[in-house]
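Asker: sequence and computational prediction follow.
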Amino acid sequence: MALLYPVYILTTYLNGPPVSLQNIILSLSIATLIFIVCIGFFALNMMGGGDVKLIPAVALWAGSAYVLNYLLITAVVGGLAAVILLAKNRIKASKFDKSSENINLSMSEKKENGVPYGVGIAIGGLYVAYHLLTPFSLRFAEQGLYK
């Protein structure tokens, strides 16, 4: 996904006002900083490897204009997913512990699920994509390329 960013930059040069070099460098800096923070979370076993790569890749596309909104949407949706998963696991655990057929099952045999943060990242990414693609679709509509 990050490798497609230069293609996006080239399309802005072909279809209207290009992205400034300052904005490109700022986007790269923001994505790098987020990547470093995510590596720290990965080292502490708080985040999966896929999330570590996907969050900064979307942040690269978001740039300084949308990165805070993207991170907020990702955090809120990911937090909601975590609350739902915790509630589901709590209900499941209460049934699991009281089941007579599982009475000899040790606690280590219970499956622990990680938080599916990809859902939050994807919804935040759709927010960014919508805001990046809207100017292109408006230009195409103005030119009569589609209705």
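Answerer: Structure's in. What do you need?
Asker: what separation do you get for the spatially most central residue of the chain and residue 82?
Answerer: Centroid-nearest residue in the chain: residue 121, 2.0 Å away (criterion: CA atoms, centre = their mean). Per CB to CB, to the nearest Å, residue 121 is found 13 Å from residue 82. C-beta: built from backbone N, CA, C; applies to glycine.
Asker: and what of residue 15?
Answerer: From residue 15 to residue 82 the distance is 40 Å (CB to CB).
Asker: same check, this time on residue 127
Answerer: 19 Å.
Asker: what of residue 6?
Answerer: Distance from residue 6 to residue 82, by CB to CB: 34 Å.
Asker: in the helix or strand bottoming out on mean pLDDT in the chain, what counts as buried?
Answerer: Lowest by mean pLDDT, DSSP states H and E among the helices and strands of the chain is helix 118-142, with a mean of 84. Under the neighbour-count criterion of 16 or more other CB atoms under 10 Å, helix 118-142 has 118, 120-121, 123-125, 127-128, 132 buried.
Asker: and of the residues you listed, the nearest to residue 23?
Answerer: Nearest to residue 23 among these: residue 132, at 12.4 Å, using CB to CB.
Asker: against residue 44, how distant is that closest one?
Answerer: Taking CB to CB, one finds residue 132 at 32 Å from residue 44.
Asker: could you do residue 63 as well?
Answerer: 28 Å.
Asker: and the two? which has more neighbours close in?
Answerer: Using other CB atoms under 10 Å, the more surrounded residue of residue 63 and residue 44 is residue 63, with 20 against 8.
Asker: tell me the secondary structure of the more buried one, please.
Answerer: Under DSSP: H, G, I helix; E, B strand; the rest coil, the three-state class of residue 63 is helix.
Asker: the nearest residue to it once chain neighbours are set aside: which element?
Answerer: Excluding the flanking residues, the one nearest residue 63 by CB to CB, 6 or more residues apart in numbering is residue 27, at 4.1 Å. Using DSSP states H and E, residue 27 sits in helix 21-43.
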